[in-house]
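Enquirer: only geometry, no sequence info:
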Ligand code: GDP
């Protein structure tokens, strides 16, 4: 497992190395310098101790402050409202901070740093615990298909550039619903709709666009089975089309392209396909594997074919669910209705939901009072694979939250409370997660060897320059993959941050601003955003992170030479060589080679090192000592022993990722 050097640990903590060395000394670890490396367990223990000390200091500071406050209160109280003391003056004095704000702030800062470190030290556990432990529940049931299983409809999300016709397509599809024949009868959207063809049903998520798509994914709830990318035939591939493509690719969801507005006189289907080709999306008719369907959402043209193609792709996916299984659903949206209370649209992943069931959903819970199908019609139960509106939750929940049924209200309440507590803890730890990724790797969990990047730049030129450098680096290093998940020109948006969250990526902004939405999202989703003005800074920073991710290399260094003066036969040990260390030192357990007349006689471990009958760890020149090894006995006076020790060498990156390279 990789170790971390004291100075870099101290650096992360915002401490001086000496402070850390002091704590290590308190733990009984002496003889360390700022350059020494400690293992993750030791680092973690040191951090724990530091946290304790900081908390203690904080408690003491608080107690002192309170004591002072009480004193001042006693002094000031009688003055209030009395003649001679202006009200204003009293307010001022009393409202003023009663204790040393700097100290308070400093401690808070330190504690925050320490929490980060602690979290980092526990990275391994965090990995295993999973930050989004419910994501598996949100997934389709897999594994052995029970007899009671039924086929379920695919879930489709429509993505694409603004004004390319996402909303129009969804409206048009709702009207095509042939089975119900009630088109126009939908009074209220619940956030998802079902479209039935003669053969089958398809569920469409009503909130189009990649923000919603990726927001769900960022929470670990990947509900979309198929993405429909809509491209207007008169406009071609636009910035948000590219974004959508990257979001879909990052999610690993199959994509069908709908080229829309083919009714327009200036529609150019071939040009749109050419655009797609440039984005490495090759239409089937050109030998690729992407289904492209020309449509007019407005004129209801090509919609049947689009639905057929969706069903064709879905067929391969063999989507099923078990009505008899325990109920699991994913929230698509949730809101409050003044007369009905909390509404939540849930996509049922497995099992069946009925009125009267007691459900738990993140920090919320409740008894299901009403259920409504996608048209707003009341139903008593709902089958798996379908969307349903649930009325009865205690409070609104976030999209992507998992809903489950529980036995009784007691269990529901206690699980909701637990979730609330977890949430609070996560928020406390949350700040740490932001900068954690690199640390996590430095602590050598060894689990992550990927650096995912969402890149935003001011101009294409710089985007390409940075990307090219990153690609070079990734190629040169077998151990690490750098993936630019998404690269585009423009400010860092909320959707960029969500994509980063969903892809466990960091956001690199190059001479761009952060939208306020992005800032908020970064905080909520614990995503690291790094901003740069100069290319080399960006490259330098990333290369530093990469170095943290590389496995350490060990190099053998010559540490000393000794000469055999005489030999002794020692029972049970064999032959011991009496030596004098001429240069450097001999260390127990290191590798030695025994040379005679320039020829190597032995190469192996130094298993016994003694001085005056005592086992010792090290013997320095010009002292004398006894040397023995388990595998070599044929010592002769005059033999030379060379000793070598493995030392960890500081890793550096191949050239091409240095300051001079990018600028
Ligand atoms: P969104 O932003 O992607 O949801 O796009 P909208 O569905 O709101 O459509 C944007 C505009 O394009 C609206 O004025 C639509 O009427 C129009 N539009 C959508 N589909 C078509 C189409 O197939 N043909 C034509 N001519 N216009 C369309």
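Expert: Arrived safely, thanks for sending. These figures come from a predicted structure and were not determined experimentally.
Enquirer: how about the strands of the stretch 351-500 of the chain, start to end?
Expert: For the stretch 351-500 of the chain, the strands defined by DSSP state E, counting those that start in this stretch cover 353-354, 358-361, 364-372, 378-379, 381-382, 387-393, 402-406, 450-457, 481-489.
Enquirer: ok, and what's touching the fourth one?
Expert: Going back to what we said before, that points to strand 378-379. 370, 371, 372, 373, 388 (Cβ atoms under 8 Å, 6 or more residues apart in numbering). To be clear about C-beta, it is placed using only N, CA and C from the backbone, and glycine gets the same treatment.
Enquirer: Assign the closest residue to residue 30 other than its chain neighbours to helix, strand or coil.
Expert: Excluding the flanking residues, the one nearest residue 30 by Cβ to Cβ, 6 or more residues apart in numbering is residue 24, at 7.9 Å. Here residue 24 is helix, with the state taken from DSSP: H, G, I helix; E, B strand; the rest coil.
Enquirer: out of everything not next to it in sequence, what's closest to residue 279?
Expert: residue 245 (5.6 Å).
Enquirer: contacting residues around that neighbour?
Expert: Per Cβ under 8 Å, 6+ apart, neighbours of residue 245: 229, 255, 279, 281.
Enquirer: ok so it is a helix residue?
Expert: Yes - counting by three-state DSSP, residue 245 is part of a helix.
Enquirer: tell me, how many neighbours does residue 27 end up with?
Expert: Residues within reach of residue 27, counting by other Cβ atoms under 10 Å, total 14.
Enquirer: list the contacts for it?
Expert: 42, 45, 46, 49.
Enquirer: Same question for residue 600.
Expert: By Cβ under 8 Å, 6+ apart, residue 600 lies in contact with 593, 594.
Enquirer: do residue 360 as well
Expert: Contacts of residue 360 by Cβ under 8 Å, 6+ apart are 403, 404, 405, 406, 411, 412, 415, 416, 419.
Enquirer: let's see 10 Å
Expert: Residues in contact with residue 360 (Cβ atoms under 10 Å, 6 or more residues apart in numbering) are 366, 393, 402-406, 411-416, 418-419.
Enquirer: List buried members of those by neighbour count.
Expert: 366, 393, 402, 403, 404, 405, 406, 412, 415, 416, 419 (16 or more other Cβ atoms under 10 Å).
Enquirer: Where does confidence bottom out across the residues you listed?
Expert: Lowest pLDDT of the buried ones among the contacts of residue 360: residue 419, 85.
Enquirer: what about stretch 151-158, how long is it end to end?
Expert: 22 Å (Cα to Cα, to the nearest Å).
Enquirer: Counting neighbours, which bits of it end up buried?
Expert: Counting neighbours by 16+ other Cβ under 10 Å, one finds that the buried residues in stretch 151-158 are 152, 153, 154, 155, 156, 157, 158.
Enquirer: now do stretch 274-292
Expert: In stretch 274-292, the ones that count as buried by 16+ other Cβ under 10 Å are 275, 276, 281, 283, 290, 291, 292.
Enquirer: Distance from the chain centre to that stretch, please.
Expert: Between the mean C-alpha location of stretch 274-292 and the chain-wide mean there is a distance of 32 Å, by Cα atoms, centre = their mean, to the nearest Å.
Enquirer: With stretch 208-218 instead?
Expert: With Cα atoms, centre = their mean, you get 17 Å for stretch 208-218.
Enquirer: can you tell me the average pLDDT over that stretch?
Expert: pLDDT averaged over stretch 208-218 gives 75.
Enquirer: coming back round to it: now list the buried members of the contacts of strand 378-379.
Expert: Here, 16+ other Cβ under 10 Å leaves 371, 372, 388 buried among those.
Enquirer: would you list these in JSON lines and tack on pLDDT?
Expert: Shown next, in JSON lines, are the buried ones among the contacts of strand 378-379 (pLDDT from 0 to 100):
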{"residue": "371", "pLDDT": "96"}
{"residue": "372", "pLDDT": "94"}
{"residue": "388", "pLDDT": "96"}
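Enquirer: what does the stretch 201-350 of the chain put close to the ligand?
Expert: Residues of the stretch 201-350 of the chain lying close to the ligand (Cβ under 6 Å from any ligand atom) are 208, 260, 261, 263, 264, 296, 297, 298.
Enquirer: Would you mind measuring from residue 207 to the ligand?
Expert: 11 Å (Cβ to the nearest ligand atom, to the nearest Å).
Enquirer: Likewise for residue 609?
Expert: 77 Å.
Enquirer: cool, and residue 524?
Expert: In terms of Cβ to the nearest ligand atom, residue 524 sits 25 Å off from the ligand.
Enquirer: What is the helix or strand harbouring that residue packed up against?
Expert: Using DSSP states H and E, residue 524 falls within helix 516-525. On a contact count with 3 or more Cβ pairs under 10 Å, 6 or more residues apart in numbering; DSSP states H and E, helix 516-525 meets helix 210-218, helix 409-434, helix 494-502, strand 505-510, strand 529-532.
Enquirer: weakest of those by average pLDDT?
Expert: For those, the weakest mean pLDDT is recorded on helix 409-434, namely a mean of 72.
Enquirer: show me where the stretch 201-350 of the chain has strands.
Expert: 201-205, 226-232, 255-260, 291-294, 320-321, 328-337, 341-350.
Enquirer: In a markdown table: these, plus distance to residue 466.
Expert: Shown next, in a markdown table, are the strands of the stretch 201-350 of the chain (distance: least, Cβ to Cβ, whole Å):
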| stretch | distance to residue 466 |
| --- | --- |
| strand 201-205 | 34 |
| strand 226-232 | 26 |
| strand 255-260 | 27 |
| strand 291-294 | 32 |
| strand 320-321 | 44 |
| strand 328-337 | 36 |
| strand 341-350 | 39 |
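Enquirer: Between those strands, which one is closest to residue 17.
Expert: strand 328-337 (48.3 Å; Cβ to Cβ).
Enquirer: any idea of the angle that closest one forms with strand 341-350?
Expert: Interaxial angle, strand 328-337 versus strand 341-350 (axes from the mean of the first three to the mean of the last three Cα atoms, to 10 degrees): 160 degrees.
Enquirer: Sheet partners, orientation included, of strand 328-337?
Expert: strand 341-350 (antiparallel), strand 402-406 (antiparallel) (DSSP bridges).
Enquirer: middle-most residue in the chain, spatially?
Expert: residue 504 (3.6 Å; Cα atoms, centre = their mean).
Enquirer: Tell me, how many residues neighbour the nearest residue to that residue once chain neighbours are set aside?
Expert: Leaving aside its chain neighbours, residue 504 sits nearest to residue 452 (5.8 Å; criterion: Cβ to Cβ, 6+ apart). Residues contacting residue 452 under the criterion other Cβ under 10 Å number 20.
Enquirer: measure residue 452 to residue 508 for me?
Expert: The spacing between residue 452 and residue 508, counted by Cβ to Cβ, to the nearest Å, is 11 Å.
Enquirer: Now for those two: what residues contact both?
Expert: Contact criterion Cβ under 10 Å, 6+ apart; residues shared by residue 452 and residue 508: 484, 500.
Enquirer: which residues sit in contact with the one residue in the stretch 501-650 of the chain that gets nearest to the ligand?
Expert: When scored by Cβ to the nearest ligand atom, the stretch 501-650 of the chain has residue 517 as its residue closest to the ligand, at 18.3 Å. Listed by Cβ under 10 Å, 6+ apart, the contact partners of residue 517 are 211, 492, 493, 494, 495, 496, 497, 498.
Enquirer: By neighbour count, which of those wins?
Expert: residue 496 (33 neighbours).
Enquirer: Contacts only, for it.
Expert: Taking Cβ under 10 Å, 6+ apart, one finds 214, 243, 246-247, 454-456, 485-486, 488, 490, 505, 507, 509, 512, 514-515, 517-518, 521-522, 527, 529 in contact with residue 496.
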